[in-house]
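Asks: whatever this is, show me its structure:
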Amino acid sequence: MREPLDRRERLALVNTVLAARRYFLDGATKSEIATELGLSRFKVARLLDEALRDGIVRIEIDAVPEIDDVLSRELAVALGIRSAVVVRTVEGPGEFQRSQLGRAAASVLADSLDDDDVLGISWGRTLHSMIGHMPQLPGCAVVQIVGIVPSLELNVNSLELVRRLAARAGGAVYPLPVPLIVEDAAVAASLRADPHVARTIAMFPKVTRALVGIGAWTRGGSTLRASLSDGDAAALDAAGAVADCCSVVLDADGQEVRAAGIPDRCIAIGGDELRQVPDVVALSAGEGKVEAIRAALRSGLIHRLVTSEDTARALLAGRPIASRAS
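Replies: Next up is the predicted model:
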């Protein structure tokens, strides 16, 4: 009988379990599964072989306790995205729940990457909690796709996040050591022209996978909003802002909101550039994030979602997502 697996090993089996269920129970092809999970067809075939070899596939699929694979599939189908990972979070402080989501995201990311990938990373406390659980990654390039965001925690910022993630990968790193938002478009243009900044911005079109957070456009829910003056925030509020992803401010229909000089004042990947990334994974959860997540999904910027069970059920309760803003 197979020995019990520790927590990290169980999380590493997330993609194996999802692939096995889709292949052996749902009848999906390896190519379909590869698209859904953001993996190569060769890697999917290897996961299925390992599932049989390790006894994960017997008469029934041995589900990973922390991941609700049935709800994950239901959520992905309902939202019209490639895949979802729904984590059964345990009650506790916010930092503890963020850590649980971070562990799942670390597994998803590690299983998705190849040496020739270019990984774009944004910022967020939940994304930051992922780093401590990240295994050694393929030697891919890592690109910081948003400028530095203000934080009371000096070790929790976008530059530190990309530095620590790049240390796990060992490939080339492209930092963005400038503020996410500045006072006007002229200052932003000047900073973008700096050779070190321009080198990183030139990598945005080459990003093949991106890991992003989603901000709720409320007081305390969005770092971008918190960086604005009261007048600028009010202008975006009046324009219908409900969410932000990287530097892209969105309304409830997933349309980009342009007010208060946004996005010209931001030094970050833009909406059109982010939409061209082949695989964008969002890590976001919480009662206050449901409307924001729905807006991000409607925008067409997101392909895969890592979230909590409570958030998943709240998203399903309001079912229709539609849109996919262009």
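
Asks: where does the residue nearest the centre of the chain sit: helix, strand or coil?
Replies: In the chain, the centroid-proximal residue (Cα atoms, centre = their mean) is Ala282; its distance is 2.4 Å. Three-state assignment for Ala282 (DSSP: H, G, I helix; E, B strand; the rest coil): strand.

Asks: can you list the low-confidence ranges for the stretch 101-250 of the chain?
Replies: 150-157 (pLDDT under 70).

Asks: now the strands: where do they sit in it?
Replies: Along the stretch 101-250 of the chain, counting by DSSP state E, counting those that start in this stretch, strands occupy 118-121, 141-144, 173-174, 209-212, 215-216, 241-245, 248-251.

Asks: I'd like these as a markdown table, with distance to Asp272 and mean neighbour count appended.
Replies: (Each C-beta comes from the backbone N, C-alpha and C, glycine too.) As requested, those are arranged in a markdown table below (distance: least, Cβ to Cβ, whole Å; neighbours: other Cβ atoms under 10 Å):
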| stretch | distance to Asp272 | mean neighbour count |
| --- | --- | --- |
| strand 118-121 | 14 | 25 |
| strand 141-144 | 17 | 25 |
| strand 173-174 | 19 | 20 |
| strand 209-212 | 14 | 26 |
| strand 215-216 | 19 | 24 |
| strand 241-245 | 13 | 27 |
| strand 248-251 | 9 | 25 |
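
Asks: for Val14, find the nearest of these.
Replies: Relative to Val14, the nearest member of the strands of the stretch 101-250 of the chain by Cβ to Cβ is strand 209-212, separated by 15.2 Å.

Asks: name the helices or strands packed onto the closest one?
Replies: In terms of contacts (3 or more Cβ pairs under 8 Å, 6 or more residues apart in numbering; DSSP states H and E), strand 209-212 is packed against helix 94-112, strand 118-121, strand 279-283.

Asks: parallel or antiparallel, which strands does it pair with?
Replies: According to DSSP bridges, strand 209-212 forms sheet pairs with strand 118-121 (parallel), strand 279-283 (parallel).

Asks: what lies in contact with that strand?
Replies: Contacts to strand 209-212, defined as Cβ atoms under 8 Å, 6 or more residues apart in numbering, come from residues 38, 105, 109, 112-113, 117-122, 124, 127, 145, 245-246, 269, 274, 277-283, 301-302.

Asks: swap in 7 Å and give it another go.
Replies: 38, 109, 112-113, 117, 119-122, 127, 145, 245-246, 274, 277, 279-283 (Cβ atoms under 7 Å, 6 or more residues apart in numbering).

Asks: for stretch 234-249, same thing?
Replies: So stretch 234-249 is contacted by 122, 145-146, 180, 212, 214-217, 222, 224, 250-252, 256-257, 259-260, 262-263, 266, 268-271, 274, 291-292, 295-296, 301 (Cβ under 7 Å, 6+ apart).

Asks: now, of those, which are buried?
Replies: 122, 145-146, 180, 212, 214-217, 222, 224, 250-251, 256-257, 259-260, 262-263, 266, 268-271, 274, 291-292, 295-296, 301 (16 or more other Cβ atoms under 10 Å).

Asks: from these, which ones fall inside helices?
Replies: 224, 271, 274, 291-292, 295-296 (DSSP state H).

Asks: among those residues, which pair sits farthest apart?
Replies: Most distant of those, by Cβ to Cβ, are Leu274 and Glu291, 19.9 Å apart.

Asks: domain assignment for the protein?
Replies: The record's domain parsing of the chain by automatic domain parsing lists 7-53, 69-317.

Asks: which residues touch Val143?
Replies: 118-120, 174, 200, 203, 207.

Asks: ignore what I typed, I meant Arg304.
Replies: Neighbouring residues of Arg304 by Cβ under 7 Å, 6+ apart: 38, 81-84, 281.

Asks: out of the strands paired with strand 209-212, which is closest to Leu101?
Replies: strand 279-283 (6.2 Å).

Asks: the closest one: how far from the chain's middle?
Replies: 3 Å (Cα atoms, centre = their mean, to the nearest Å).

Asks: model confidence over it, on average?
Replies: Averaged across strand 279-283, the pLDDT comes to 96.

Asks: what sits up against it?
Replies: With contact meaning Cβ under 7 Å, 6+ apart, strand 279-283 is reached by 38, 101, 105, 108, 124, 126-127, 208-214, 274, 296, 301-306.

Asks: want to throw the strands of the stretch 101-250 of the chain into TSV with distance to Lys30?
Replies: Below are those laid out as TSV (distance: least, Cβ to Cβ, whole Å):
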stretch	distance to Lys30
strand 118-121	24
strand 141-144	27
strand 173-174	33
strand 209-212	20
strand 215-216	36
strand 241-245	31
strand 248-251	34
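
Asks: wait, which of those strands is closest to Arg163?
Replies: Checked against Cβ to Cβ, the stretch from the strands of the stretch 101-250 of the chain lying closest is strand 173-174, at 7.3 Å.

Asks: excluding its backbone neighbours, what's nearest Ser31?
Replies: Arg41 (5.5 Å; Cβ to Cβ, 6 or more residues apart in numbering).
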